[in-house]
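Structure here, sequence nowhere to be found:
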């Protein structure tokens, strides 16, 4: 079940330390700000490196940020001058990394787990090794969750594929390898099916305003050899309307309420409406940690509004008239009634989630 | 009914010739390629000027192109060297302008009308004046149609506004003054209501890939003093979902089939689905010339696919991964069942249109 499929790319990991007997201490990330035009790896060695990478979205995607934060804490504690002990520097370094993106849920979760590990480990001499092992465990658990979502999702999608020939899939934003330490969430079943030789025809919403679909999902899927077509977000309804065979729409989730309502990247909800209008499946993939027991329904989920400049400007170019107001919610809420299946690391589940 | 409301901008007109007794001969357009960051007027004096302006979208919007083509024919015939007569140069000049954008319907319609005028006018000495008068008539008829749509639409929207306070409106793409010689089609009722003192709160879809909403509609509406909010196309469903009072979605049309199905800018159909999901009105505004008696339903309307570079690149910046396929239909089809009202220059009409 949890066999790790080889990911087409690894967004965050230790930098291999060339046969040394020491545990690795340097974090290597793919700099996602440079994609899709440049593939650049960056080493994170100091607290500043880690905070900067998370704050500037060099590393992004909630699971990937959690892993980068935990591993980055180890790197930062290894790199700093040694006049103060690792344990003396722990709280302040952890606080700085945790504050790099205050709204992400996985980052404080991972940092808290590292602090609990340190509190439970009395031997100061081996504290860094213990923290490195804990950060590696966080990475490996994320990889395993992705692989499990991949397996469960692939079984589901395989069963929905009723004829030979490629399975047509639509996805939105990037819930892929770049957003996790493993093979992603929504894209995991696609990698798993592709590895099994199932032909796929994947349409990717470009996903305005930040274009994670065009920039990131299209990049990682095509790099893996999967057939990818990018389209404006408004074109998905036409693909769903014209399809002569079942299409599967598959997306990730930022938060899932107890009744099954899903907060995910802006544009997910109109995509779900279009899938329903034409009788196609709408599948949400997420680790069980995304289930939010404090939200009874989608109306309890607060939606972050982001800076209007994301909409009005791109790469220094002004796209909209001067001085107009902007509505730029980061997420929208898709009601559970529009969602066919929820795929988690524990299998396909159904609301209510208690 | 047909009183012309003063347009906030005039996208195409004659260049005033300063008190001369001659009829004006030079066409003045707003160069829409420079908006929203620069307001630049261009004079069209030669056949090359006219063809280039239409081909490069300096002037765009089907009605505006028709007017620019007719008036541009007069300019081109006035400007050319006079070794051959106006009548000798007519057919070839008309053919070149007509070919500037072969898919637009209004351009060949306007040029054909100019040729019929010339054929009916036997006196060569006054031929240019006759053509200038005909082109002016085409401009004025377009203005009158816009004004009539504005009046009929304003009456409809006024009746839908059930409480004091601003009427919330969503529009898509640019069916405004920039797309016509007058006050637009979908935006005409908004200008008319605004002139009557009705407060409006207008949300504009940015309209990927070419961003006519953010670039053009937001510019002309805000210039007229109307409250405008730009948003990614995927955000409209959230506005419709959250609204506590009726919202009116109002769009133009590129072609309307006999059963009422509407081809309009990509992204119109998912917007109509979202309006329906939340019980809001979806209004289509178009001159009666947009009714296409040769199309029985939307499935008879051929949808132009445009270059993928419109999606993958913006202002020289690469937005999508190298070498991926692109699906970039110019239009989509909204089925008549989702359309609440059709506002034309002859009033509010209902399908079937025979």
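Great, that's in hand. These numbers come from a predicted model, not from an experiment. Numbering: from 1, shown residues only, chains lettered A, B, ... in the order given.

Surely residue A:176 and residue A:186 touch.
Yes: between residue A:176 and residue A:186 a contact is recorded at 7.1 Å, counting by C-beta atoms under 8 Å. Just so you know, the C-beta spots here come from the backbone N, C-alpha and C atoms, and that holds for glycine as well.

In the stretch 101-250 of chain A, what residue spans correspond to helices?
Ranges of helices in the stretch 101-250 of chain A, per DSSP state H, counting those that start in this stretch, are A:106-120, A:127-160, A:188-195, A:212, A:218-223, A:236-242.

what's near enough to touch residue A:160?
Contact analysis of residue A:160 by C-beta atoms under 8 Å, 6 or more residues apart in numbering or on different chains lists A:167, A:246, A:248, A:281.

Of those - the most surrounded one?
For these, neighbours were counted using other C-beta atoms under 10 Å in any protein chain shown, and residue A:248 has the most, 25 neighbours in all.

Show the average pLDDT along stretch A:170-188.
The average of the pLDDT scores along stretch A:170-188 is 97.

Any idea how far it is from the middle of the chain?
Stretch A:170-188 sits 6 Å away from the centroid of its parent chain (C-alpha atoms, centre = their mean, to the nearest Å).

From start to finish, how long is that stretch in a straight line?
14 Å (C-alpha to C-alpha, to the nearest Å).

is that stretch up against chain B anywhere?
No: remark: stretch A:170-188 sits outside contact range of chain B, by C-beta under 8 Å from any C-beta of the partner chain, the gap being at least 8.6 Å.

Relative to chain B, which residue of the stretch 251-354 of chain A is the closest?
Residue of the stretch 251-354 of chain A nearest chain B, by C-beta to the nearest C-beta: residue A:267 (2.8 Å).

how close does the closest residue to that residue other than its chain neighbours sit to residue B:38?
Distances taken as C-beta to C-beta, 6 or more residues apart in numbering or on different chains place residue B:234 nearest to residue A:267, at 2.8 Å, with adjacent residues excluded. Shown here: residue B:234 relative to residue B:38, a distance of 29 Å by C-beta to C-beta, to the nearest Å.

who has more neighbours, the two?
residue B:234 (30 against 8).

which ones are touching the more buried one?
By C-beta under 8 Å, 6+ apart, the neighbours of residue B:234 are A:207-208, A:233, A:266-271, A:332.

Recalculate using a threshold of 6 Å.
A:233, A:266-267, A:270 (C-beta atoms under 6 Å, 6 or more residues apart in numbering or on different chains).

Kindly report the residues of chain A close to chain B.
Contact residues, chain A versus chain B (C-beta under 6 Å from any C-beta of the partner chain): A:36-37, A:208-209, A:211, A:214, A:218-219, A:222, A:228-235, A:237-238, A:266-267, A:269-270, A:273-274, A:277, A:311, A:314-315, A:317-321, A:324-327, A:329, A:332.

Where strands are concerned, which of these count?
Among these, the ones falling in strands (DSSP state E) are A:228-231, A:314, A:317-318, A:325-326, A:332.

Looking at neighbours, which among these is most surrounded?
residue A:230 leads these on contacts (other C-beta under 10 Å) with 29 neighbours.

which regions of the stretch 101-250 of chain A sit below the pLDDT cut-off?
Applying pLDDT under 70 to the stretch 101-250 of chain A flags the ranges A:102-104.

how about the helices of the stretch 101-250 of chain A in a markdown table, adding distance to residue A:31?
Shown next, in a markdown table, are the helices of the stretch 101-250 of chain A (distance: least, C-beta to C-beta, whole Å):
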| stretch | distance to residue A:31 |
| --- | --- |
| helix A:106-120 | 18 |
| helix A:127-160 | 19 |
| helix A:188-195 | 22 |
| helix A:212 | 15 |
| helix A:218-223 | 13 |
| helix A:236-242 | 29 |
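
elements contacting the helix or strand that contains residue A:48?
Assigning secondary structure by DSSP states H and E places residue A:48 in helix A:47-55. Where contact means 3 or more C-beta pairs under 6 Å, 6 or more residues apart in numbering or on different chains; DSSP states H and E, helix A:47-55 is packed against helix A:62-79, helix A:86-98.

so of those helices, which one's packed in deepest?
helix A:62-79 (a mean of 27; mean count of other C-beta atoms under 10 Å in any protein chain shown).

report the angle between the axes of it and helix A:86-98?
Inter-element angle recorded for helix A:62-79 and helix A:86-98: 150 degrees (by axes from the mean of the first three to the mean of the last three C-alpha atoms, to 10 degrees).

Quick one: neighbours of the nearest residue in space to residue A:273 that is not next to it in sequence, just the number.
Nearest residue to residue A:273, sequence neighbours excluded (C-beta to C-beta, 6+ apart): residue B:273, at 4.9 Å. Residues lying near residue B:273 (other C-beta under 10 Å) number 22.

my guess is residue B:273 meets residue A:275, correct?
No: with contact defined as C-beta atoms under 6 Å, residue B:273 does not reach residue A:275; the gap is 10.3 Å.
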